[in-house]
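*Asks:* Give me coordinates for this.
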Amino acid sequence: MIRVAVIIPAAGSSTRFGGEVKKPFVVLDGKPVWHRALDLFARRPDVAKVYLVLSADALAEFRTRYGVMLGFTYEYVELVAGGAERFESVANALALVPEGIDLIAVHDAVRCLTPATVIDAVFATAAAHGGAVAAVPVADTLKRVEAESTRVVETVPRGDLWQAQTPQVFRRDWLLDAYARRAEFAGPITDDAQLMEAAGYPVVVVPGSPANFKITTPADFALAEALLRPVPPADPKPRHPFDDAE
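*Replies:* Got it, this is the predicted structure:
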């Protein structure tokens, strides 16, 4: 069986979310968002290790609040101090992944509604091709806009464009090599798939899901709450138009 290590970065500043509590620690239908993200991988037989990456200043409080639960329920979860940037946070976790791991998955802590079928497909595709990323085809018309005036300068064809999600899963040796060569690549690197592309490794897209959205704003959080809300059972007896008539 393929052995997978999962890195869950949760060290971001959450500036777009607002409020005093960072996004991964907000309680969503009774559980912190980070807890729901971890649960996606908790009982998978192919997952050997999970690294939850937190900002260095949050580690002590996290251990106080959740350490006992992690120790009893998720014995294979290791907490990692993150860096100033997401790249540094993932690199800190990568340094801890032992030999014998075949694939490394990176999954956003704030994508906590990822369907199991998406995870299955990305893992299987990465095992076959070396690198895979969940993504959805772009459905809306895209406009390139001038920053200062907000004037539309171009309509961008969307026919071959996909919106990347996570998990993003790669061979361990490929990902380690790409991170070791990060300084060679100019410009911003916004996700691990882009880094792998820059390093010359193939990445295959796997159809994701609209439910696999990133909780970035309060509106996203409200949508996640709505999706988790139980659907009331349907009335088994069809109502007749005159049922309420006196």
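*Asks:* Kindly list the longest strand within this protein.
*Replies:* Ranked by residue count and defined by DSSP state E, the top strand of the chain is strand 162-171.
*Asks:* immediately after that strand, which helix or strand?
*Replies:* helix 172-180 (DSSP states H and E).
*Asks:* Next, the angle from that next one to strand 162-171.
*Replies:* Counting by axes from the mean of the first three to the mean of the last three Cα atoms, to 10 degrees, helix 172-180 points 110 degrees away from the direction of strand 162-171.
*Asks:* Give me the residues contacting the longest strand of the chain.
*Replies:* With contact meaning Cβ atoms under 8 Å, 6 or more residues apart in numbering, strand 162-171 is reached by 4, 6, 102-108, 111, 114, 118-119, 122-123, 125-126, 130-138, 178, 191-193, 196, 201, 203, 205, 208-209, 212-214. In short, each C-beta sits where N, CA and C put it, glycine included.
*Asks:* Am I right that Ala193 sits in a strand?
*Replies:* No. Ala193 is assigned helix when assessed by DSSP: H, G, I helix; E, B strand; the rest coil, not a strand.
*Asks:* What does the pLDDT read for it?
*Replies:* On pLDDT, Ala193 comes in at 97.
*Asks:* what about the nearest residue to it once chain neighbours are set aside, how many neighbours?
*Replies:* Sequence neighbours aside, Val133 is the residue nearest to Ala193 in space, at 4.5 Å (criterion: Cβ to Cβ, 6 or more residues apart in numbering). Residue neighbour count, defined by other Cβ atoms under 10 Å, stands at 26 for Val133.
*Asks:* contacting residues for Val133?
*Replies:* Val133 neighbours (Cβ under 8 Å, 6+ apart): 122, 164-169, 191, 193, 203-206.
*Asks:* so which of these is the most crowded?
*Replies:* Compared across the contacts of Val133, Val169 has the highest neighbour count, 32 neighbours, by other Cβ under 10 Å.
*Asks:* any idea of the pLDDT on it?
*Replies:* On the pLDDT scale, Val169 is placed at 98.
*Asks:* roughly how far apart are it and Ala81?
*Replies:* From Val169 across to Ala81, the span is 24 Å (Cβ to Cβ, to the nearest Å).
*Asks:* and Glu99, which of the three is it?
*Replies:* Quick answer, by three-state DSSP: Glu99 is coil.
*Asks:* cool, and the one 10 residues further on?
*Replies:* Applying three-state DSSP to Ala109 yields a three-state assignment of coil.
*Asks:* And for it, the neighbour number?
*Replies:* 27.
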